[in-house]
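> mind looking at a prediction? Sequence and model below.
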Amino acid sequence: RKFVEKYLALLPINKESNVAIDLTKKLLLTSANTPSGEGENNLFTIRIKKLLELGDLENTKLLIDSLSDYEKNEEIQKIEIEINLSFNNFDLVCSSIDEKIKKYKSDIYWKKIQIFCQILNDEIHKANLGLSLIKEHENFNDDIFLNIVDSLIYKEEIDISQYADIDLLNLTMTRIGKIILPDDLSFPNDPLFLSMLYRMPNVPIETRIRALEQSQKLISIPEDIIQEMYNSYEIKENETKFSLDSDFPDLGPATQAILYQRAIKEDSNENKAKIIKQAFNLAQENKNYSLIVQLNLETILEIKPSKTLLWFANTASKALFYSNELEVAFEWYELLIKYKDNNIDLFIDFMEIWPIAEIYKLYEKDFQNNTEFNISQEEIVKSINKFELQNEKLNFNTQGFYFLETFGIKINPSIWLATLEENQDNSLIMPNSSIISLIDFATKNNRVGEAVLLILIATDGNELNKLNPFFLQKIIKSLDRVGLGGKVKDLIIETLI
């Protein structure tokens, strides 16, 4: 138990990787029995706080609900209140607030919640009395709370823009009072806050989009809600007057909404492709690729693969492989196979997709025996030799080759040699030998939870493509050995795309 408590508390919440997020949820929600001993409630608290950091509000609430009232310490009760605030479950927020006030007299947090509930119940005299008492408390310094409460009671307009920070309770009260928040509102990277903010009608659409893009890996959002959000932005006339063939302008927080709407309206497939390529490049920079691909998927599927769009084949096939739209993804890939020798750029585009396509062929039987998608390593070496004779620089990502070798597909040495000078990236992260040995020990002894926990600690919150490929090979073999081989393909595709 001491091992579990110590290392679970140290577990970094990886908000950069969908695979790491999923593995962390599996670990925290495991039905396996945890070691018995002292500190059982402490272990529950750790799991609840970690789930909350992940933005898994539903399961956090379920875990809290599994505890009796006696087992819920003050910290867990505060988390429960905040979740109910975020879900607009105000009846649950207010149901036992008087008891909490009696129990936790010294904490003004509960007094603020009580005043909030009194205003909701139109108990204005009680709220005013509570306000007069709270102002005298030596630890009270929440001016924004006082101003919002005054606005709710006396129906006065206030200027929220003067405040740098706003917490969840204050945010909730602005929604009730329909207080308009500023465009440049700063907000924390807190799933509870973000999940409320993007749904609030009193918040400018640019701010809601920012919240959505910031939270997209942590909060599960239906596709129709995503499209509705990006469609609700009203594009100004000057925001559509930019060239698709020159440097891309900064259009502010609503950039993706503008690109999304303009791509839909374009009649030309070439223009649609240019817009989507810009959108995906920006999404990679802002680390919200999965959200923006999901948003634009219908438009991508409208664009038919053609020789005139060869420059778009790499972008399209990556997004379609990522979205599991395999039939169309392989159609774009087939274009790259056919024209890969036309120029160095197309060859590099092909080499980025080749390992991705080969991985999918290993998993998807429908594409394994299709000769149209088969290309031998000898043919690739011929292309490499051709471009080397032309003194072209061959600089393509080799991470996919390590993954193929994990599946027993040996890469021709000439392919490795082609990028030897260009691929000396010493910044890739390799954990220390001690934690790798611990992962080996846990894996060999089929300690599933322990192996996953150590892998997540070793990744240390980093994107998967920042990790040394030899360590990624170790992760793949460990996951497969402890019965989590189903996550291997997801890990590979996330790393490569």
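Done, it's in.

> what's around residue 366, how many residues?
Here the number of neighbours of residue 366 (other Cβ atoms under 10 Å) works out to 11. Where C-beta positions appear, they are placed from N, C-alpha and C, glycine not excepted.

> residues touching it, list them.
Residue 366 makes contact with residue 326, according to Cβ atoms under 8 Å, 6 or more residues apart in numbering.

> with residue 49 instead?
residue 79.

> name the helix or strand for it, please.
helix 40-54 (DSSP states H and E).

> with just CA atoms, put that helix into PDB.
The C-alpha coordinates for helix 40-54 follow below in PDB (Å, rounded to 0.1, in the frame of the first residue of the first chain):
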ATOM      1  CA  GLU A  40      -7.400   3.800   2.800                       C
ATOM      2  CA  ASN A  41      -9.300   7.100   2.800                       C
ATOM      3  CA  ASN A  42      -6.100   8.800   1.700                       C
ATOM      4  CA  LEU A  43      -5.900   6.500  -1.300                       C
ATOM      5  CA  PHE A  44      -9.400   7.400  -2.200                       C
ATOM      6  CA  THR A  45      -8.600  11.100  -1.900                       C
ATOM      7  CA  ILE A  46      -5.600  10.700  -4.200                       C
ATOM      8  CA  ARG A  47      -7.600   8.900  -6.800                       C
ATOM      9  CA  ILE A  48     -10.400  11.500  -6.600                       C
ATOM     10  CA  LYS A  49      -8.000  14.400  -7.000                       C
ATOM     11  CA  LYS A  50      -6.200  12.800  -9.900                       C
ATOM     12  CA  LEU A  51      -9.500  12.000 -11.700                       C
ATOM     13  CA  LEU A  52     -10.500  15.600 -11.200                       C
ATOM     14  CA  GLU A  53      -7.200  16.800 -12.700                       C
ATOM     15  CA  LEU A  54      -8.000  14.600 -15.700                       C
END
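
> just checking, next helix/strand downstream of that helix?
helix 57-65.

> I'd like the distance from the lengthiest helix in the chain to the chain centre, please.
Of all the segments of type helix in the chain, defined by DSSP state H, the longest one is helix 344-363. Counting by Cα atoms, centre = their mean, to the nearest Å, helix 344-363 is centred 25 Å from the centre of its parent chain.

> got the contact list for the following helix or strand past it?
Toward the C-terminus, helix 344-363 is succeeded by helix 377-389 as the next helix or strand (DSSP H and E). With Cβ under 8 Å, 6+ apart as the test, helix 377-389 has contacts from 340-341, 344, 347, 351, 354, 394, 411-412, 414-415, 418.

> of those residues, grab the buried ones for PyMOL.
Those of these that count as buried under 16 or more other Cβ atoms under 10 Å are selected in PyMOL with:
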select buried, resi 340+344+347+351+354+394+411+415+418
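
> closest to residue 486 among the contacts of helix 377-389?
Taking Cβ to Cβ as the measure, residue 486 sits nearest to residue 354 out of the contacts of helix 377-389, at 23.8 Å.

> pLDDT wise, what is that closest one at?
pLDDT recorded at residue 354 is 97.

> could you do residue 217 as well?
At residue 217, pLDDT is 66.

> kindly spell out which helices and strands sit in contact with the longest helix of the chain.
Judged by 3 or more Cβ pairs under 8 Å, 6 or more residues apart in numbering; DSSP states H and E, helix 344-363 is in contact with helix 310-322, helix 326-339, helix 377-389, helix 399-406, helix 488-496.

> so residue 206 makes contact with residue 181?
No - in this structure residue 206 lies outside contact range of residue 181 using Cβ atoms under 8 Å: 10.9 Å.

> neighbour-wise, which of the two wins?
Taking other Cβ under 10 Å, residue 206 and residue 181 do not tie; residue 181 has more neighbours (20 against 17).

> re earlier: quick one, the longest helix of the chain and helix 326-339 angle?
If you take axes from the mean of the first three to the mean of the last three Cα atoms, to 10 degrees, helix 344-363 sits at 140 degrees to helix 326-339.

> how about helix 344-363 as PDB, C-alpha atoms only?
Output in PDB follows, covering the C-alpha atoms of helix 344-363 (Å, rounded to 0.1, in the frame of the first residue of the first chain):
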ATOM      1  CA  ILE A 344      11.900  15.100 -52.900                       C
ATOM      2  CA  ASP A 345       8.900  16.800 -51.100                       C
ATOM      3  CA  LEU A 346       6.500  14.100 -52.200                       C
ATOM      4  CA  PHE A 347       8.900  11.400 -51.300                       C
ATOM      5  CA  ILE A 348       9.300  12.800 -47.700                       C
ATOM      6  CA  ASP A 349       5.500  13.000 -47.500                       C
ATOM      7  CA  PHE A 350       5.300   9.400 -48.600                       C
ATOM      8  CA  MET A 351       8.000   8.300 -46.000                       C
ATOM      9  CA  GLU A 352       6.000   9.900 -43.200                       C
ATOM     10  CA  ILE A 353       2.900   8.000 -44.100                       C
ATOM     11  CA  TRP A 354       4.500   4.600 -45.000                       C
ATOM     12  CA  PRO A 355       5.000   3.300 -41.400                       C
ATOM     13  CA  ILE A 356       1.500   4.500 -40.400                       C
ATOM     14  CA  ALA A 357       0.000   2.600 -43.300                       C
ATOM     15  CA  GLU A 358       2.100  -0.500 -42.500                       C
ATOM     16  CA  ILE A 359       0.900  -0.400 -38.900                       C
ATOM     17  CA  TYR A 360      -2.700  -0.200 -40.000                       C
ATOM     18  CA  LYS A 361      -2.200  -3.100 -42.400                       C
ATOM     19  CA  LEU A 362      -1.000  -5.200 -39.500                       C
ATOM     20  CA  TYR A 363      -4.200  -4.500 -37.500                       C
END
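
> now do that helix and helix 377-389, the angle between them.
Going by the same axes, to 10 degrees, helix 344-363 makes 160 degrees with helix 377-389.

> and helix 344-363, what's buried?
Buried residues in helix 344-363, counted by 16+ other Cβ under 10 Å: 344, 346-362.

> and the angle from it to helix 310-322?
Using the same axes, to 10 degrees, helix 344-363 lies at 20 degrees relative to helix 310-322.

> from here on, call the first residue 17.
Let's use 17 as the start, then, which means that last one is helix 360-379.

> so can I have CSV of the contacts of helix 393-405 showing distance to residue 124?
CSV is the format used below for those (distance: Cβ to Cβ, whole Å):
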residue, distance to residue 124
356, 67
357, 71
360, 66
363, 65
367, 61
370, 61
410, 64
427, 63
428, 69
430, 70
431, 65
434, 66
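
> for residue 505, state which of the contacts of helix 393-405 is nearest.
The closest of the contacts of helix 393-405 to residue 505 turns out to be residue 370 (Cβ to Cβ; 16.2 Å).

> distance of that closest one from residue 40?
Residue 370 sits 31 Å away from residue 40, going by Cβ to Cβ, to the nearest Å.

> wait, doesn't residue 143 sit right on residue 137?
No - if you go by Cβ under 8 Å, residue 143 and residue 137 don't touch, sitting 9.1 Å apart.

> which of the two has more residues huddled nearby?
Comparing residue 143 with residue 137 by neighbour count (other Cβ under 10 Å), the higher total belongs to residue 143, at 21 against 12.

> excluding chain neighbours, what is closest to that one?
residue 134 (4.1 Å; Cβ to Cβ, 6 or more residues apart in numbering).

> pretty sure that neighbour is touching residue 128, no?
No - counting by Cβ under 8 Å, residue 134 does not reach residue 128; the two are 10.8 Å apart.

> and of the helices and strands packed on helix 360-379, who's closest to residue 292?
Nearest of these to residue 292, taken as Cβ to Cβ: helix 326-338 at 7.1 Å.
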